[in-house]
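Asks: kindly generate the corresponding structure for this input.
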Amino acid sequence: MSPAGLLGESCGLGGFVKKLIALAATVATGLALTPAGPAAAAPPTTAARAPAGIDWKPCPDTDPVLGGLLKGLECGTLAVPLDHSRPHGKKIELALTRARHTSPAGAYQGVVLLNRGGPGGFGRDLPTRFATGGNGLPNAVGSTYDWIGFDPRGVAGSEPKIACDPSYLYPGRARPDFVPRTAAQERVWIRKAQRYAADCGRRYGDTLRHINTENVARDMDAIRRALGQSRINYFGYSYGTYLGSVYASMFPKRVRRMVLDSVVRPSGAWYEANLDQNVAFEKRADIFFAWVAKWDSVYHLGKTRKEVEAAYYKGMAKVRKAPIDGKIGPAEYNDVFVPDGYRNYTWPDHAQVLADWVLRGDANGLRGQFGEPDWLAQNSFAIYAAVECRDASWPRNWSRWHADHSRQYRQGNRFLTWNNAWFNAPCAFWPVRGGPAQRIGGGKGGPNILLVQPENDAATPVGGAHEVHRLFPSSRLVLERGGNNHGASLSPNANACLNDIVSRYLGTGVRPASAKGVDAVCRAMPAPDPTRAVTTTAPVDPIALPGLR
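Replies: This next block holds a predicted model:
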């Protein structure tokens, strides 16, 4: 799935460049809460040798990759095997951070590993968001944990750092239209995808065989052992929910508490999940266009959803005919608006950008929303591709891709379909074949998991949460009824009801009582009111959506 969002965007699907560069409360009625049962004692580790402890030191005020985001944290590194089946073989290095607990020793609850999504999202900045109570988690809870951020293998501060042909994301000028209107136009994108995959193979060779979710889960368990913990706590958004599901399947006795927010459907990994997204994003685009129509007195783009949708595609036609500054064509234009499928607090700004361009020909808003991908975005995309292409099997015959995406587009799924096709197209030609997919699930006495899911999530459609709930019968599922924001809890503009449930769980282990189907429901917060907006800048999300989640 492509990146977009939460501290961007996460489920790896659409949003191409914009997803990569985006920096990732009502009370439910009748919630019966019961304490989660204690996890079974962890078995002895089967590793040949426990990894050495982590030498923590104060992070520099300015990190070479992440700038000042790590200020106030402790930094460390951990060497892990490139190939976990050969523990004494070649090593790679993971970069980590820590925010230490400040509670009395008697209240200490252990470590929480954090993942914002992607795959390809960095994570070393995340502890600052959870340890200080600034994201809706009460300080009385946050202070009882050591919060651990880590850049997964190949990402940001970890070694080796992986990035491939930079022209695929952006060649310095407007890219070809995502929607191919002739076979020749389609071949242009196919050749670009082939070159990208080949360049990754030339640069990193056999290393790509070991860049996948299963190995990131094994890295997490190496972190656990290096920290001297028998069990870990975990919080993951978007793709991070798939990583958490894999870890809980591989190491069920090592899970103390686990929150999975905006849940990936494991059986869709990854080709089918992207097709699901194309349909879900069309529905979310309709919700956005209908909201703009509701506020026609502000934006004047049309009084109906169809009129606003027509205005959106009219604006795209204008940049198709004459790209803005030679840099913003229909592909870049689509990227600007894809985040509106991830969250609704971007809607007022983006509706104004659309109105300025369509009604007045003012391109400054589009210029302000567009940004050329830097090295970090290139790195995020390379890891996104490396992980998803390796995790599971992908069609290797382009005729299947052409048929599926052409059919979806003809059926009216115009907003994301071809954007998403090209975001994932390198997987059709990846130098390392994918699969087999990791088996996901646990028994009734299995891992202690809390699932949080917005009902209208387009990046990770709601069916994924229901599937994971079935695969882990001991889990609890909280649905945000009518929820539109991917990454629904402990993030900017988060639902207070969801925050309360998650905070109670992290603080005490108490989860909603088991019920048939969904275990608890929170009502979504109202959509934005542009007449009351006090800022033109959307808040930074806690999860970096490079990629699907």
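Asks: how about the helices in the stretch 1-150 of the chain?
Replies: For the stretch 1-150 of the chain, applying DSSP state H, counting those that start in this stretch gives helices covering 16-21, 127-131, 139-142.
Asks: which parts of the stretch 151-300 of the chain are strands?
Replies: Assigned by DSSP state E, counting those that start in this stretch, the strands in the stretch 151-300 of the chain fall at 232-237, 255-261.
Asks: which one of these lies nearest to P461?
Replies: Nearest of those to P461, taken as C-beta to C-beta: strand 255-261 at 14.3 Å. Every C-beta, even on glycine, is put in place using the N, C-alpha and C of the backbone.
Asks: just the mean pLDDT for that closest one, thanks.
Replies: For strand 255-261, mean pLDDT is 98.
Asks: what angle separates it from strand 232-237?
Replies: If you take axes from the mean of the first three to the mean of the last three C-alpha atoms, to 10 degrees, strand 255-261 sits at 10 degrees to strand 232-237.
Asks: with just CA atoms, put strand 255-261 into CSV.
Replies: Presented in CSV, the C-alpha positions along strand 255-261 are these (Å, rounded to 0.1, in the frame of the first residue of the first chain):
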residue,chain,number,x,y,z
VAL,A,255,3.3,-10.1,24.2
ARG,A,256,2.2,-8.3,27.3
ARG,A,257,-0.1,-5.6,25.8
MET,A,258,-0.5,-4.7,22.2
VAL,A,259,-2.5,-1.9,20.5
LEU,A,260,-3.1,-2.1,16.8
ASP,A,261,-4.7,1.0,15.3
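Asks: on that earlier part again, looking at the strands of the stretch 151-300 of the chain, which is buried most?
Replies: strand 232-237 (a mean of 28; mean count of other C-beta atoms under 10 Å).
Asks: partner strands of that strand, with direction?
Replies: Applying DSSP bridges to the sheet, strand 232-237 is found paired with strand 111-115 (parallel), strand 255-261 (parallel).
Asks: what residues sit buried inside stretch 53-66?
Replies: Judged by neighbour count (16 or more other C-beta atoms under 10 Å), stretch 53-66 contains these buried residues: 54, 59, 63, 65-66.
Asks: just put the residues you listed in TSV and tack on pLDDT and distance to E307.
Replies: TSV is the format used below for the buried residues of stretch 53-66 (pLDDT from 0 to 100; distance: C-beta to C-beta, whole Å):
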residue	pLDDT	distance to E307
I54	95	57
C59	97	51
D63	95	47
V65	94	45
L66	94	43
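Asks: would you format these as JSON lines with distance to R284 included?
Replies: Listed next are the buried residues of stretch 53-66 as JSON lines, based on distance: C-beta to C-beta, whole Å:
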{"residue": "I54", "distance to R284": "41"}
{"residue": "C59", "distance to R284": "37"}
{"residue": "D63", "distance to R284": "34"}
{"residue": "V65", "distance to R284": "32"}
{"residue": "L66", "distance to R284": "30"}
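Asks: picking that back up, ok, which of the strands of the stretch 151-300 of the chain comes nearest G365?
Replies: Closest among those, using C-beta to C-beta: strand 232-237, at 28.2 Å.
Asks: send the alpha carbons of the closest one over as CSV?
Replies: In CSV, the C-alpha atoms belonging to strand 232-237 read as follows (Å, rounded to 0.1, in the frame of the first residue of the first chain):
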residue,chain,number,x,y,z
ILE,A,232,7.1,-6.4,25.5
ASN,A,233,4.3,-4.0,25.0
TYR,A,234,3.7,-2.7,21.4
PHE,A,235,1.8,0.1,19.7
GLY,A,236,1.5,0.1,15.9
TYR,A,237,-0.5,2.1,13.4
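Asks: distance from it to the middle of the chain?
Replies: How far strand 232-237 lies from its chain's middle: 14 Å, per C-alpha atoms, centre = their mean, to the nearest Å.
Asks: and what of stretch 124-138?
Replies: Put simply, stretch 124-138 sits 18 Å off its chain's centre (C-alpha atoms, centre = their mean).
Asks: do the same with stretch 483-503
Replies: That offset, for stretch 483-503, works out to 15 Å (C-alpha atoms, centre = their mean).
Asks: just stretch 442-449 next, same as before
Replies: 24 Å.
Asks: look up which residues are beta-bridged to L260.
Replies: Residues in beta-bridge contact with L260 (DSSP bridges): G236, L451.
Asks: surely it meets L243?
Replies: No - if you go by C-beta atoms under 8 Å, L260 and L243 don't touch, sitting 9.2 Å apart.
Asks: overlap of the contact sets of the two?
Replies: Residues within reach of L260 and of L243 at once, by C-beta atoms under 8 Å, 6 or more residues apart in numbering, are G236.
Asks: which one of the buried residues of stretch 53-66 is nearest to Y234?
Replies: I54 (17.5 Å).
Asks: ignoring the adjacent residues along the chain, who's closest to that closest one?
Replies: Among residues not flanking I54 along the chain, G76 sits closest, at 4.0 Å (C-beta to C-beta, 6 or more residues apart in numbering).
Asks: do I have it right that the one you found meets P58?
Replies: No - G76 is beyond contact range of P58, at 10.6 Å (criterion: C-beta under 8 Å).
Asks: low-confidence ranges, the chain, go.
Replies: 1-51, 492, 533-549 (pLDDT under 70).
Asks: the same query, at a cut-off of 80, please.
Replies: In the predicted model, the chain carries pLDDT under 80 at residues 1-52, 133-134, 491-493, 533-549.
Asks: which other helices and strands contact the lengthiest helix in it?
Replies: Counting by DSSP state H, the longest helix found in the chain is helix 271-294. Counting contacts by 3 or more C-beta pairs under 8 Å, 6 or more residues apart in numbering; DSSP states H and E, helix 271-294 packs against helix 305-321, helix 347-360, helix 398-410, helix 417-424.
Asks: run the chain-centre distance for the third one.
Replies: When C-alpha coordinates are averaged (C-alpha atoms, centre = their mean), helix 398-410 and its chain have centres 25 Å apart.
Asks: buried residues, that helix. List them.
Replies: By neighbour count on 16+ other C-beta under 10 Å, the buried set for helix 398-410 is 398, 401, 404-405, 408-409.
Asks: cool, and the last one?
Replies: Using 16+ other C-beta under 10 Å as the test for burial, helix 417-424 gives 417-424.
Asks: isn't R320 up against G329?
Replies: Yes - contact between R320 and G329 holds when scored by C-beta under 8 Å: they sit 6.4 Å apart.
Asks: these two: which has the busier surroundings?
Replies: Legend: neighbour count by other C-beta atoms under 10 Å for R320 and G329, higher for G329 (21 against 16).
Asks: do I have it right that the more buried one meets A174?
Replies: Yes - with contacts counted by C-beta under 8 Å, G329 reaches A174, the gap being 3.1 Å.
Asks: which neighbours do these two share?
Replies: By C-beta under 8 Å, 6+ apart, G329 and A174 have these common neighbours: 319, 323.
Asks: for the buried residues of stretch 53-66, which one is nearest Y108?
Replies: Closest approach between the buried residues of stretch 53-66 and Y108, by C-beta to C-beta: I54, at 17.5 Å.
Asks: give me every residue that touches that closest one.
Replies: 76-78, 96, 226-227.
Asks: and it, how far is that from N139?
Replies: 25 Å (C-beta to C-beta, to the nearest Å).
Asks: and the gap between the spatially closest residue to K90 that is not a sequence neighbour and A437?
Replies: Distance criterion C-beta to C-beta, 6+ apart; nearest residue to K90, sequence neighbours excluded, is L82 at 4.6 Å. Here L82 is placed at a distance of 21 Å from A437 (C-beta to C-beta).
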